[in-house]
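sharing a model prediction with you, sequence too.
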Amino acid sequence: MFNQNQQQNQQQQSSTHMPQEQQFGAHELMEAHEAIGAVVGGLEHFVLYEQHVQDQELSGIMQRQKTFMTQMYNTILDTLKSGKDPAVKTQTYLMEENNTTIFGTKPSSPKTPIQSVNELNDECISGFILGHLKSIASSFTLTALEASNPVLRRIFADSIPNVIEMAYEIYLYQNKNQYYQVPQLSQQDMQAVINEHAPIQGNMPH
């Protein structure tokens, strides 16, 4: 009985005397687990889509994003396991698309969900990728807001702009190929919305 109590005390002491940088809250670990799972899902779907891509431009975007996301995944795991700065710090994703959005919509035939893998096309694939990236960005934001470990929080927070940039790159690709059309309000309605709020007057604190 004494040996059992002694063993339990040793286990409790070892858990409470973990290095400070390896201390994680249960909630942040579960959020991190969900966020990492979102990245894993994105990477695995990149692999599934590769053989079905027809446009070389989309193929190039996917390859660059897959490479970047792989390093991002390794960086997060490095920090999660050590609680310290990762060996490879957060990189910056640089997209190759320009920033031009084509506004307006063109008539098209009604669409229905595909019924066969053979129907997969670049419009479907780019849409799937955009959905994955939006999910990753949301998961990273929630995890960063819940993290108690300062290094883990910074890794997730610093990665969010990169995921947004990748999603924006996919959006621009879709937009110029008319997969993602952007309708606009009338000029009158647009100005009404823009002018709905006014700046605060008076001296602002410095």
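Yep, it's here.

which element follows the helix or strand bottoming out on mean pLDDT in the chain toward the C-terminus?
When the helices and strands of the chain are scored by mean pLDDT, DSSP states H and E, helix 2-16 comes last with a mean of 53. The first helix or strand that comes after helix 2-16 along the chain, using DSSP states H and E, is helix 26-50.

tell me the buried residues in that next one?
Buried residues in helix 26-50, counted by 16 or more other C-beta atoms under 10 Å: 28-29, 31-32, 35-36, 38-39, 42-43, 45-46, 49. Heads up, the C-betas are built off the backbone N, CA and C, glycines and all.

what's the angle from whichever helix or strand comes after that helix to helix 26-50?
The helix or strand immediately downstream of helix 26-50 is helix 56-82, counting by DSSP H and E. On the basis of axes from the mean of the first three to the mean of the last three C-alpha atoms, to 10 degrees, helix 56-82 is oriented at 150 degrees to helix 26-50.

just checking, what packs against helix 56-82?
Judged by 3 or more C-beta pairs under 8 Å, 6 or more residues apart in numbering; DSSP states H and E, helix 56-82 is in contact with helix 26-50, helix 122-146, helix 150-176.

pass me the low-pLDDT residue ranges in the protein, would you?
Filtered on pLDDT under 70, the chain yields the residue ranges 1-22, 204, 206.

rewinding a little: which one of the helices and strands packed on helix 56-82 lies nearest to residue 98?
helix 150-176 (7.3 Å; C-beta to C-beta).

so can I have TSV of the helices and strands packed on helix 56-82 showing distance to residue 74?
Listed next are those as TSV, based on distance: least, C-beta to C-beta, whole Å:
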stretch	distance to residue 74
helix 26-50	10
helix 122-146	15
helix 150-176	11
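
so what's the closest residue to residue 132 other than its chain neighbours up against?
In space, residue 132 comes closest to residue 42 once its chain neighbours are excluded; the distance is 4.1 Å by C-beta to C-beta, 6 or more residues apart in numbering. Residues near residue 42 by C-beta atoms under 8 Å, 6 or more residues apart in numbering: 69, 129, 132, 133, 135, 136.

I'm done for today, thanks for sticking with me.
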